[in-house]
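> with the input below, show me the fold.
(chains A and B)
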Protein chains: 2
Amino acid sequence: MKVNYKKDLIMGKSTIREVLKHRTNILKKIFTCSKDDSLIKDILKKNIRIEYLSKNKLEHLVGSVSHQSFVGEIEKRKYLDIKECKNFKTIVMLDNICDPHNMGAILRAAECFKVDCVVFSKNRGVDITPTVSKVSCGASELVSLVKISNLQDGISKFKKMGFTILAASNEEKSMDITKMDFFEKFVVILGSEERGIKSLYKKLADFLVKIPLLGKIDSLNVSQAAAVILYFLNNRPC
Amino acid sequence: MKVNYKKDLIMGKSTIREVLKHRTNILKKIFTCSKDDSLIKDILKKNIRIEYLSKNKLEHLVGSVSHQSFVGEIEKRKYLDIKECKNFKTIVMLDNICDPHNMGAILRAAECFKVDCVVFSKNRGVDITPTVSKVSCGASELVSLVKISNLQDGISKFKKMGFTILAASNEEKSMDITKMDFFEKFVVILGSEERGIKSLYKKLADFLVKIPLLGKIDSLNVSQAAAVILYFLNNRPC
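Now for the predicted structure:
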């Protein structure tokens, strides 16, 4: 479905609820085809403008049928520059995550485990679409984002700033993430399901890391792996 | 899209690869519109019959465009009876998981963390569709399944067999899953994103359990929660 709107949009009730609760200031307008949802009262209480649109028009706005009758227009998303990350501790970098469900779920885990920012490529993988925002449950607007054209260059910059680079890759030589030492500041790179992390990025990493699995299938879905890895990296003893 | 085929079907290249590798005997026939994929050689090596169909016909067969040119017909799925679970240690029970992506990803985590079986309701939530099989990466055919009409009755039977019942629910009173004692045999119940676990099932549970989160959003996606919880329940010291 083609999207015919140029502004930054979010969609879905939970997404709008979370953004309304934690970042009201970025919400410019809500489009809805619903007249009697409790969410409408909450939107009006915060003095956000509501514009009523048909279900069909909402679908065209976001290029999806999954809007749950609510679409939000937000201020143009601001992306951090890598330099602004120098005092951060926990960074997730995404290489070529193409599935909006995985992208959204990774952003949600990043928010739940208080990652300082998520870095992703302008050219490789999905952008922050309304579907991503919905799956992320609003995390797309709660987590700081860095969008760069060259991940290799990004990795080098993070290394210079003192970050340990971890690449998630289920290989025999990879270290067990649940048994690793504490890192004061680190970047964890997650790659696409189909191709994994680009081999050049794996070479640049300080460690390859994996989750110990017991079954026949040798990897979790990337968003599940993100949740397990982020739990461990954020909860190890200092 | 309407499915017009009554047999049990799986789809997607990784799914078919995993089933071909670990449960060749259940594969009756492969439908494909591809002529030159390396997967075809592997299928022929195992003496599985191939039937060539147009892309359009494959779509109609599985009611989805995500078949990646490969659909497999498998033997009619066999479901275990609860009685057959009595010597099991680790069971996942699903209450009303309606999203096939979540269902598939939970099955994948169940396989990766060697859960003995997954119990789900005949009436509440999604069935094992071709989409579920694809997202599960073939785990739908590698994990034992129990399909029952009454989860309440199921919980009572598991309790009588000596299982500790854990219900995943992010409430203040819930226990931190990462700090819990070892259970010799347990059932962990996971509920839908929208409504969580039915309150009756939570009352029947021995413990409510949660993952400690640090951010503003108060829950992970259910399949991510499944991965983190299953990791902890399967890796605690005895």
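> so where's chain A shaky on pLDDT?
Applying pLDDT under 70 to chain A picks out residues A:1-5, A:235-238.
> can you give me the strands in it?
For chain A, applying DSSP state E gives strands covering A:8-11, A:27-32, A:49-52, A:70-74, A:90-95, A:117-121, A:144-148, A:164-168, A:175-176, A:186-191, A:207-210.
> how about the fourth one as PDB, C-alpha atoms only?
Once non-C-alpha atoms are left out, strand A:70-74 reads as follows in PDB (Å, rounded to 0.1, in the frame of the first residue of the first chain):
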ATOM      1  CA  PHE A  70      -5.600   6.100  15.300                       C
ATOM      2  CA  VAL A  71      -2.700   7.900  13.500                       C
ATOM      3  CA  GLY A  72      -0.500  10.600  15.100                       C
ATOM      4  CA  GLU A  73       1.500  13.300  13.300                       C
ATOM      5  CA  ILE A  74       4.600  14.000  15.300                       C
END
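> that one pairs with which strands, parallel or anti?
With DSSP bridges as the test, strand A:70-74 is paired with strand A:8-11 (antiparallel), strand A:27-32 (antiparallel).
> do the same with the last one
With DSSP bridges as the criterion, the sheet partners recorded for strand A:207-210 are strand A:164-168 (parallel), strand A:175-176 (parallel).
> how far off centre is the last one?
Relative to its parent chain, strand A:175-176 has a centroid offset of 24 Å by Cα atoms, centre = their mean, to the nearest Å.
> and for stretch A:75-87?
Chain-centre distance of stretch A:75-87: 14 Å, with Cα atoms, centre = their mean.
> how close does residue A:171 get to residue A:209?
With the distance defined as Cβ to Cβ, to the nearest Å, residue A:171 ends up 10 Å from residue A:209. For the C-beta atoms, the positions are set from N, CA and C on the backbone; glycine is no exception.
> one step back: would you turn the strands of chain A into CSV with mean neighbour count?
Shown next, in CSV, are the strands of chain A (neighbours: other Cβ atoms under 10 Å in any protein chain shown):
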stretch, mean neighbour count
strand A:8-11, 23
strand A:27-32, 20
strand A:49-52, 12
strand A:70-74, 24
strand A:90-95, 24
strand A:117-121, 23
strand A:144-148, 17
strand A:164-168, 23
strand A:175-176, 12
strand A:186-191, 25
strand A:207-210, 21
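> can you list the ones you listed in a markdown table and add distance to residue B:34?
Shown next, in a markdown table, are the strands of chain A (distance: least, Cβ to Cβ, whole Å):
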| stretch | distance to residue B:34 |
| --- | --- |
| strand A:8-11 | 35 |
| strand A:27-32 | 42 |
| strand A:49-52 | 47 |
| strand A:70-74 | 38 |
| strand A:90-95 | 27 |
| strand A:117-121 | 30 |
| strand A:144-148 | 35 |
| strand A:164-168 | 30 |
| strand A:175-176 | 38 |
| strand A:186-191 | 25 |
| strand A:207-210 | 31 |
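> out of those, flag the one nearest residue B:49.
Across the strands of chain A, residue B:49 has its closest neighbour in strand A:186-191 (35.6 Å, Cβ to Cβ).
> quick one: strands adjacent to the closest one?
Next to strand A:186-191 in the sheet, as set by DSSP bridges, lie strand A:90-95 (parallel), strand A:164-168 (parallel).
> closest one to residue B:68 among the strands of chain A?
Here strand A:186-191 is closest among those (Cβ to Cβ), at 19.2 Å.
> one step back: TSV please, covering the strands paired with strand A:207-210 and showing distance to residue B:23.
Formatted as TSV, the strands paired with strand A:207-210 follow (distance: least, Cβ to Cβ, whole Å):
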stretch	distance to residue B:23
strand A:164-168	28
strand A:175-176	28
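> in chain A, which spans are helices?
Assigned by DSSP state H, the helices in chain A fall at A:13-22, A:38-45, A:55-62, A:100-112, A:130-135, A:151-160, A:199-204, A:222-234.
> what sits against the residue sitting nearest the centre point of chain A?
By Cα atoms, centre = their mean, chain A has its centre lying nearest to residue A:107, at 2.5 Å. By Cβ atoms under 8 Å, 6 or more residues apart in numbering or on different chains, the residues touching residue A:107 are A:118, A:132, A:136, A:139, A:140, A:143.
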